[in-house]
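In: I'd like to go over a predicted model; first the sequence, then the structure.
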Amino acid sequence: MTISNEQLREAFLSPQMRCYFERKQPDVPAAEIGVRIEETLKFLNIATYCRGNIPVAQEIDDIWHYWILETREYEQLCRSLQGERFIHHSSNLYSECSGEAPEAMQNELEDDAGTLATYVLNYGPFAEDRVKYWLLADHLVRNCGLSVAQLNNWLTEPTHGDQSHVGLGSAADSNVNG
Amino acid sequence: MTREEEQSGALPTKSVSAEERVILVRSLLVDWKVLEHLHHQGLVPEEVLTARANAACCKPDGGTCCVNKKRL
């Protein structure tokens, strides 16, 4: 049984927060903001299993930033997510300023692939319009010729898929500054 | 899974195992058999195949391209 978008909204998103996100991003259509909020919640609800750089696109990171700015709401959200702990945010820029080498900040492919498989395990297959918000998924579809169906097939049955022609470039290690 | 990860929230989630992560990555990678097949089809040039030697490729039969090839 997977978690639906509606369940995510009901469990974690108040009408006030929805209104706040829409006001913060007046140029983005309300429906698209809804999609971004749902993908942000999906990420945060499996973040306890993720290692390294965040696996999502800038638009999702932006929603995360806005949520963090409402400190009480963010603390409450973290307490109700898997792991029940405060989810800290750190930018790559800060890591660089701390002297960390850029290559040390690159994710292992196993970590990124594991995150996508964890997504499908908990939320079901990737919908066509949401792939772009997950860095490795977007790379595989946009640059490696995988269809969304093949992507989902790989993530659910990796040994039976027909994606063996795919070659991974370095973008699999894409970084996102928080 | 750590104790922290096990704390369930309002909508509990679970993670794929470390073994499943390894399988996912392996299933994505192209091996030499695939490249040889594509070479026979004329889709991969010889230069690509010669990279095997540089990669210290080792066939199970100790083939001639391998650093540990059988000495007769």
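Out: The structure has been received and is ready for your questions.
In: Give the phi and psi angles for the one residue sitting closest to the centre of chain A, as a check.
Out: A centroid search over chain A (CA atoms, centre = their mean) returns residue A:56, at 3.7 Å, as the residue closest to the centre. Backbone torsions of residue A:56, given as degrees, to the nearest 10, read phi -110, psi 170.
In: same deal with the one 5 residues further on?
Out: Torsion angles at residue A:61 (phi, psi; degrees, to the nearest 10) stand at phi -60, psi -40.
In: So it is in contact with residue A:54, correct?
Out: Yes - using CB atoms under 8 Å, residue A:61 is in contact with residue A:54, at 6.3 Å. Every residue, glycine included, has its C-beta placed from N, CA and C.
In: Residue A:127 and residue B:45, how far apart?
Out: Residue A:127 sits 39 Å away from residue B:45, going by CB to CB, to the nearest Å.
In: Compare those two (neighbour count), which wins?
Out: Taking neighbours as other CB atoms under 10 Å in any protein chain shown, residue A:127 and residue B:45 compare with residue A:127 leading, 13 against 10.
In: Provide a list of residues in contact with that one.
Out: By CB atoms under 8 Å, 6 or more residues apart in numbering or on different chains, the residues touching residue A:127 are residue A:148.
In: One more: residue A:21?
Out: Per CB under 8 Å, 6+ apart, neighbours of residue A:21: A:33, A:37, A:63, A:66.
In: Kindly recompute the last result at 6 Å.
Out: Residue A:21 sits next to residue A:33 when contact means CB atoms under 6 Å, 6 or more residues apart in numbering or on different chains.
In: Residue numbers of chain B in contact with chain A?
Out: Contacts of chain B with chain A, taken as CB under 6 Å from any CB of the partner chain, map to B:4-5, B:7, B:9-11, B:13, B:15-16, B:21, B:23-25, B:27-28, B:30.
In: One more pass at 8 Å, please.
Out: Proximity of chain B to chain A (CB under 8 Å from any CB of the partner chain) is limited to residues B:4-5, B:7-16, B:20-30, B:34.
In: Can you select the buried ones among these for me in PyMOL?
Out: Selection of buried members from the residues of chain B next to chain A for PyMOL, criterion 16 or more other CB atoms under 10 Å in any protein chain shown:
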select buried, chain B and resi 5+9+10+11+13+15+16+20+21+23+24+25+27+28
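In: Just the element for residue A:75, please.
Out: helix A:71-80 (DSSP states H and E).
In: what packs against that helix?
Out: If you count contacts as 3 or more CB pairs under 8 Å, 6 or more residues apart in numbering or on different chains; DSSP states H and E, helix A:71-80 packs onto helix A:5-12, helix A:58-69.
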